[in-house]
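1. Give me coordinates for this.
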Amino acid sequence: MYFFITKNKSLWCRKILFIIALLLPTLLSAHPHAWVNTNTYFETHEAHIRSLHMTWSFDADTSAYMLQGEDVSPDHLEATLQKLTKAVIANLYNEHYFTYLYDGNTPVKYKSAIHPQMVKDKDKIVLSFELPLSSPIAFAGKNFRLYIYDETYFVDMSWLNKGDVQLSEQLISACNGEIVEPKVSDAQRAYTLALAADVTPDNTLGRYFSQQYKLNCQ
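-> Modelled structure (predicted):
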C-alpha cells in the first residue's frame, strides 16, 4: 500500500502503478489498484466503547510489492515484518488510520495505535492493530457510523461479509448494527474508470465508494 511505503503518495502511486501495468495492463486506467479485506471488532468496557481492533488482509499482488527487495528468508522474515509494521503504523498515523468513526455527526478522535502486528499468511500480508479512542464513549442511546477508506480510492477497503464486523457482548445486547453498501452513481463510476495513472490523486473519491457500518444503540 502506498501509505505503507512512503509518505509521498504520488511517488508510491507511480511505483505501484508501474508494477500493476506489468501484471494487469487492462486495468491500468481503472480504480482501485489494490484491495484490502477488513475486519473490525468493537471493544467495550462497562457501558463505553473503548477501542477498535483492526485486521486487514492485503491482496496477493500488493503483498508481494510490499515485500519487494526485503529479506523474506525463513531466518529473517519475522524481523522484516516487524520493520515493515513500524513503517506502516507510522504512516497510518498521518492518515487517521484510514478509519473514520462518528458519534452522531461528531468525528471521534483516537490515540496512537497499539499492539501492531504483521504476519504473512500464504501469499498475503495481514496487518492487525488496536485503535484506542481518545476517550471512551458511552453508547447508550447513541448512533454511530464507521467508515474505513483511502481518500484517493487507489485502495479498495471492504468488509466482505456481515461477520467481518464484530461487537462485544455488551454492544450485542444493546445495539443493532449493519453494513451499508455505498450508493455510487454511474457518472462517478465512469469518472473513476477514466482516470489515468499519471493524474493527480482525487482525494474525494474514497468516501463515495466506502461502505459504512451503522451502529444504533438503545
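2. hmm, who's touching the strand ranked longest in the chain?
-> Determined from DSSP state E, the single longest strand within the chain is strand 124-138. With C-beta atoms under 8 Å, 6 or more residues apart in numbering as the test, strand 124-138 has contacts from 43, 45, 47-60, 62-63, 66-67, 81, 85, 88-89, 97, 99, 101, 103, 108-111, 113-120. Every C-beta, even on glycine, is put in place using the N, C-alpha and C of the backbone.
3. what's the spacing between it and its chain's center?
-> 11 Å (C-alpha atoms, centre = their mean, to the nearest Å).
4. how near is Pro116 to Arg50?
-> In this view, Pro116 and Arg50 are 18 Å apart by C-beta to C-beta, to the nearest Å.
5. about what we covered before: pull out the buried residues from the contacts of strand 124-138.
-> Among these, the ones that count as buried by 16 or more other C-beta atoms under 10 Å are 43, 49-52, 54, 56-59, 62-63, 66-67, 81, 85, 88-89, 97, 99, 101, 103, 108, 110, 113, 116, 118, 120.
6. In strands, which of these fall?
-> Counting by DSSP E, these place 43, 49-52, 54, 56-58, 99, 101, 103, 116, 118, 120 in strands.
7. Point out where the chain drops to low pLDDT.
-> The model of the chain has pLDDT under 70 over residues 1-31, 196-200.
8. What segments of it are helices?
-> Here the chain has its helices, by DSSP state H, at 2-5, 9-23, 60-66, 77-93, 169-174, 186-194, 205-209.
9. Which neighbouring elements make contact with the longest one?
-> Yep, that's helix 77-93 we're talking about. When contacts are defined as 3 or more C-beta pairs under 8 Å, 6 or more residues apart in numbering; DSSP states H and E, helix 77-93 packs onto helix 2-5, strand 114-121, strand 124-138.
10. Look up phi and psi at the closest residue to Tyr93 other than its chain neighbours.
-> Residue nearest to Tyr93 in three dimensions, not counting chain neighbours: Ser112, with 6.3 Å by C-beta to C-beta, 6 or more residues apart in numbering. When quoted as degrees, to the nearest 10, the phi and psi of Ser112 stand at phi -60, psi 150.
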